[in-house]
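> compute the structure for the input listed below.
(chains A, B, C and D)
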There are 2 protein chains.
Amino acid sequence: MTLEAEVESSGGLVGSTVGEITRLIRDQDLMPGDRLPSEATLAKTLQVSRTVVREAFRSLAAMRIIELATGKRATVAPIDHGPMSLIIEHGVHTDQISIQQIYDVRRTIERRIVALAALRRSDAEAAAIEAEARAMRASLSDTAALMRHDLAFHRALAHASKNPVFGLLVGAFQGITAQTWPIGWKSRTTPDAREGMIANHEKIAEAVTAGDPEAAVVAMGLHFDESVRALLSAGLT
Amino acid sequence: MTLEAEVESSGGLVGSTVGEITRLIRDQDLMPGDRLPSEATLAKTLQVSRTVVREAFRSLAAMRIIELATGKRATVAPIDHGPMSLIIEHGVHTDQISIQQIYDVRRTIERRIVALAALRRSDAEAAAIEAEARAMRASLSDTAALMRHDLAFHRALAHASKNPVFGLLVGAFQGITAQTWPIGWKSRTTPDAREGMIANHEKIAEAVTAGDPEAAVVAMGLHFDESVRALLSAGLT
DNA sequence: CAAGCAGAACCTGTATGACAGCTTAAGTGA
DNA sequence: TCACTTAAGCTGTCATACAGGTTCTGCTTG
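The predicted model follows:
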């Protein structure tokens, strides 16, 4: 059975209504921002109660396939990493995924991202990446700000890769990363360790700005090696 | 604003109820299979109507964070790639993601997967991988079966990598892959091209069985190079 | 005639009540 | 003690109601 068929058949009326709505989006080639029929219209068309249509809408809204807003009609949504982030956080909190496994995947993905970024970045993107690295150094004493700039640094790289799927995945991992980042930071007890972590980011930024994918990949690899070491030394499995 | 806070605050009562329920899962350390309070109980506890609780449940069920079933209480769900698959399919159908971009990400991920699989596979897993490769050759004339075994081959590799996040991502991409696979197959018009595609899979399987990560990575890279070539020659952007 | 404004029509968010059908737990009887 | 029956609990769907936000229409005014 295909995935869609599974979703459609299971869950009864709501599930099949979800299928009908997604089919409607696809068949009519609706693009992000386009409006869907009203709940009442769909209820009449599909011969179900408004309750069922609403629950189907909620399901699609949870995956950010559509967007809901009071008074307005539902619209097709631009792709968003929010739901993926929640799914992964759930996997970690229920011990189905370990932080180390997350980092191995991130390392794999971000090494590719940084290579693409080095090849494709615009000057403005290079500047944005460097700016985040500088902001990190400037925030050495403000942990919260430091983390924010660290995350933004990686997002900026993903953006410069010009492949939105990488942006999606980086975003998907940032939810759980934000929850574990302080652990790694606390485990870097010496000024040297903390300085080195900042320096790693600067090296990555330099390589991207220089348009040197090999150097960028190496620097990103070292960055993750160091990060995993820090997390392990903090006792994370 | 954090991701969770965003989800909680937006969407009004339902959004905040989703937040309350996820907090409940986390605070009580509920594991997959554990039962949640009934809709009525939650409605009373959180001081909202059953309608709101139901819509919150639907939202969580859409992300497969919980599972719903008639008559039974909602349970915490094991992590599943279904929602991610739908999200990505939506991104492709609305022209926010191209197939080529998907393949670049898959290539990146699966080259790592195959390296891990070569290092970590059990004998049973190696046998399963080889079996799918053989099944592909046996299905040369049955396109549907051939595709099924191709997808299963890649799932088996992800499983052998012993990192569930890779399994999650491979699953997330298989929905859209299944929809575009026939395009690539049709573009392989000569028997040689089709034979070569099968042979690529066999080479990957051999390297994994031999425990040779370098050879496995190279073979997987060639497989994706060839696949992307096939898709491009079919006119896919 | 154009621009802005007011009101009507439409739409969503939430609540309540009802009932069918399924599941679980309690209790009963052998 | 165990199997069975029954009652209680739970979910799925429907209908209805209404508050409050949005959109469109048409009118008023400059």
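
> which SS state does the most centrally placed residue in chain A fall under?
The centre of chain A sits closest to A:Gly171, judged by C-alpha atoms, centre = their mean, with a distance of 1.5 Å. Following DSSP: H, G, I helix; E, B strand; the rest coil, A:Gly171 is assigned to helix.

> now it: closest residue in space, sequence neighbours ignored.
In this structure, A:Gly171 finds its nearest non-sequential neighbour in A:His81, 3.0 Å apart by C-beta to C-beta, 6 or more residues apart in numbering or on different chains. Using the backbone N, CA and C atoms, a C-beta is placed for each residue, glycine as well.

> who are the contact partners of the one you found?
Residues counted as contacts of A:His81 (C-beta atoms under 8 Å, 6 or more residues apart in numbering or on different chains) are A:Gly167, A:Leu168, A:Leu169, A:Val170, A:Gly171, A:Ala172, A:Gln174.

> same deal with A:Met63?
By C-beta under 8 Å, 6+ apart, the neighbours of A:Met63 are A:Pro83, B:Ala62, B:Met63, B:Pro83, B:Leu86, B:Ile87, B:His90.

> phi, psi of the third one?
Spelled out, it's B:Met63. Per-residue torsions, B:Met63: phi -90, psi 0 (degrees, to the nearest 10).

> what's the burial count for A:Asp225?
13 (other C-beta atoms under 10 Å in any protein chain shown).

> ignore what I typed, I meant A:Ala40.
By other C-beta under 10 Å, the residues close to A:Ala40 number 10.

> check which helix or strand it maps to.
Using DSSP states H and E, A:Ala40 maps to helix A:39-46.

> check A:Phe224 too.
helix A:213-233.

> what does that helix contact?
For helix A:213-233, the surrounding residues in contact (C-beta under 8 Å, 6+ apart) are A:99-100, A:103, A:106-107, A:110-111, A:113-119, A:180, A:183-185, A:187-188, A:193, A:196-197, A:200-201, A:203-204, A:207-208.

> in helices only, show me those.
Judged by DSSP state H, helices contain the following of the contacts of helix A:213-233: A:99-100, A:103, A:106-107, A:110-111, A:113-119, A:180, A:183-185, A:187, A:193, A:196-197, A:200-201, A:203-204, A:207-208.

> identify the residues contacting A:Val53.
Neighbouring residues of A:Val53 by C-beta under 8 Å, 6+ apart: A:Thr17, A:Glu39, A:Leu42, A:Ala43, A:Leu46.

> closest to DNA strand D out of those residues?
Taking C-beta to the nearest atom of the strand as the measure, DNA strand D lies nearest A:Ala43 of the contacts of A:Val53, at 7.5 Å.

> list the contacts for the closest one?
Applying C-beta under 8 Å, 6+ apart, the residues contacting A:Ala43 are A:Ser49, A:Arg50, A:Val52, A:Val53.

> can you name the residues of chain A that neighbour DNA strand D?
Residues of chain A found near DNA strand D, taking C-beta under 7 Å from any atom of the strand as the criterion, are A:11-14, A:48-52, A:55, A:69-72.

> now those residues: which count as buried?
A:Gly11, A:Leu13, A:Val14, A:Val48, A:Val52, A:Glu55 (16 or more other C-beta atoms under 10 Å in any protein chain shown).

> how near is the last one to B:Ala43?
This points to A:Glu55. Distance from A:Glu55 to B:Ala43, counting by C-beta to C-beta, to the nearest Å: 16 Å.

> hang on, the earlier thing: for the buried ones among the ones in helices among the contacts of helix A:213-233, write the corresponding ChimeraX selection.
In ChimeraX, a selection of the buried entries from the ones in helices among the contacts of helix A:213-233 looks like this (16+ other C-beta under 10 Å):
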select /A:99,103,106,107,110,111,113,114,115,116,117,118,180,184,185,187,197,200,201,203,204,207,208
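
> near chain B, list only the ones from the ones in helices among the contacts of helix A:213-233.
The subset of those within reach of chain B, counting by C-beta under 8 Å from any C-beta of the partner chain, is empty.

> alright, that wraps it up for me.
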